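*Asks:* dropping a prediction and its sequence here:
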Amino acid sequence: MHPALQMAVALVYPPRCTLCGATVADAFGLCGPCWRDTPFIAGLVCDLCGRPLPGESDGTVHCDECLRIARPWARGRAALRYEANGRRLVLALKHGDRHDVARPAGKWLARVGKPLLAPGTILAPVPLHPLRLLSRRFNQSALLAQALARETGLILVPDLLIRTRSTPRLKGLDRAARHAALDGAIRANPRRIAMLRGARLILVDDVMTSGATLSAATQAAHAGGAAEVCILALARAGKDT
């Protein structure tokens, strides 16, 4: 869009805060109070799941959960804690048809995922089953991956992985039940095997709770020949269940 036209549009439709609707300086952003009250993850984090940790360290550290539970991926990060405004943003994107949330979320993912974003890395969203996609009309993880690709210039392959079996909603299930529900439900797309073989891959999802969905997707990617898989989530739940 021509700069003069952009200015004219901004005068008529000034940019609004993604959360509260207050006028802001830049489109697809947060106002000062909402930014202050949004639980961005910073400082020391678990190198596997992105959970914020107390203290400081120059080395690689893992949280108690990741020390106790084997993770199939190599490294992981999350941009927000899944609470307060972090939860509001995720739910707005996932259930509120607020696709505009993906734009700033892509910037946040690019910032927090900087240690993982090596040149040549392929981005792929955690897939939805076709029936779920039909009812929801979009895959929120794909919107996030698309925004991240726009920020980083990395290649996005939206259908690198597919869901071959519909699974029950995981909310309320314990860790074992979540993993059992997802066993074999995600596969490498046969049409994308050539791209997957030997690839360094980043899987993008909206929320990491127990890690069951990301584990299933990672295992599918490795089965398809991926050399390394890392994960990026918009939000990290504070307690695994």
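*Replies:* Received the coordinates, thanks.

*Asks:* contacts, neighbours, all on C-alpha from now
*Replies:* Fine.

*Asks:* where does the closest residue to Lys107 other than its chain neighbours fall, phi/psi-wise?
*Replies:* Leaving aside its sequence neighbours, Lys107 sits nearest to Glu151 (C-alpha to C-alpha, 6 or more residues apart in numbering; 6.4 Å). Dihedral pair for Glu151: phi -80, psi -30, per degrees, to the nearest 10.

*Asks:* before we move on, what about the one 10 residues further on?
*Replies:* As for Leu161, its main-chain torsions (degrees, to the nearest 10) stand at phi -120, psi 150.

*Asks:* change the start of the numbering to 43 and stick with it
*Replies:* Noted, 43 is the first residue going forward, which turns the last one into Leu203.

*Asks:* what is it paired to in the beta sheet?
*Replies:* Beta-bridge pairing for Leu203 (DSSP bridges): Ala230.

*Asks:* that one: how many residues sit nearby?
*Replies:* 27 (other C-alpha atoms under 10 Å).

*Asks:* then Ser99?
*Replies:* 10.

*Asks:* with the one 5 residues further on instead?
*Replies:* The number of residues packed near His104 is 17, by other C-alpha under 10 Å.

*Asks:* chain neighbours aside, what residue packs nearest to it?
*Replies:* Cys88 (4.5 Å).

*Asks:* related to what we said a few turns ago, the residue nearest to Lys149: neighbour count?
*Replies:* By other C-alpha under 10 Å, 17 other residues sit near Glu193.

*Asks:* for it, give its distance to Gly253.
*Replies:* Computed as C-alpha to C-alpha, to the nearest Å, the Glu193 to Gly253 distance reads 25 Å.

*Asks:* listing request: residues of this protein with sub-threshold pLDDT.
*Replies:* For the chain, applying pLDDT under 70 flags the ranges 43-55, 69-70, 210, 212, 214-215, 281-283.

*Asks:* residue boundaries of the strands in it?
*Replies:* Remark: strands assigned in the chain by DSSP state E are 118-123, 164-167, 197-198, 203-205, 228-230, 242-250, 270-278.

*Asks:* what's the second one in contact with?
*Replies:* Strand 164-167 has contacts (C-alpha atoms under 8 Å, 6 or more residues apart in numbering) with 183-184, 186-187, 191, 196-203, 241-247.

*Asks:* if we use 7 Å, what do you get?
*Replies:* With contact meaning C-alpha atoms under 7 Å, 6 or more residues apart in numbering, strand 164-167 is reached by 183-184, 187, 196-200, 202, 242-247.

*Asks:* most neighbours among those residues, which one is it?
*Replies:* If you count neighbours using other C-alpha under 10 Å, the busiest of the contacts of strand 164-167 is Ala187, which has 32 neighbours.

*Asks:* check contacts around that one.
*Replies:* When contacts are counted by C-alpha under 7 Å, 6+ apart, Ala187 touches Leu165, Ala166, Pro167, Val246.

*Asks:* pretty sure the last one is touching Ala277, no?
*Replies:* Right, the one you point to is Val246. No - using C-alpha atoms under 7 Å as the test, Val246 is too far from Ala277 to be in contact (10.8 Å).

*Asks:* residue contacts, Leu245?
*Replies:* Leu165, Ala166, Pro167, Val168, Cys272, Ile273, Leu274.
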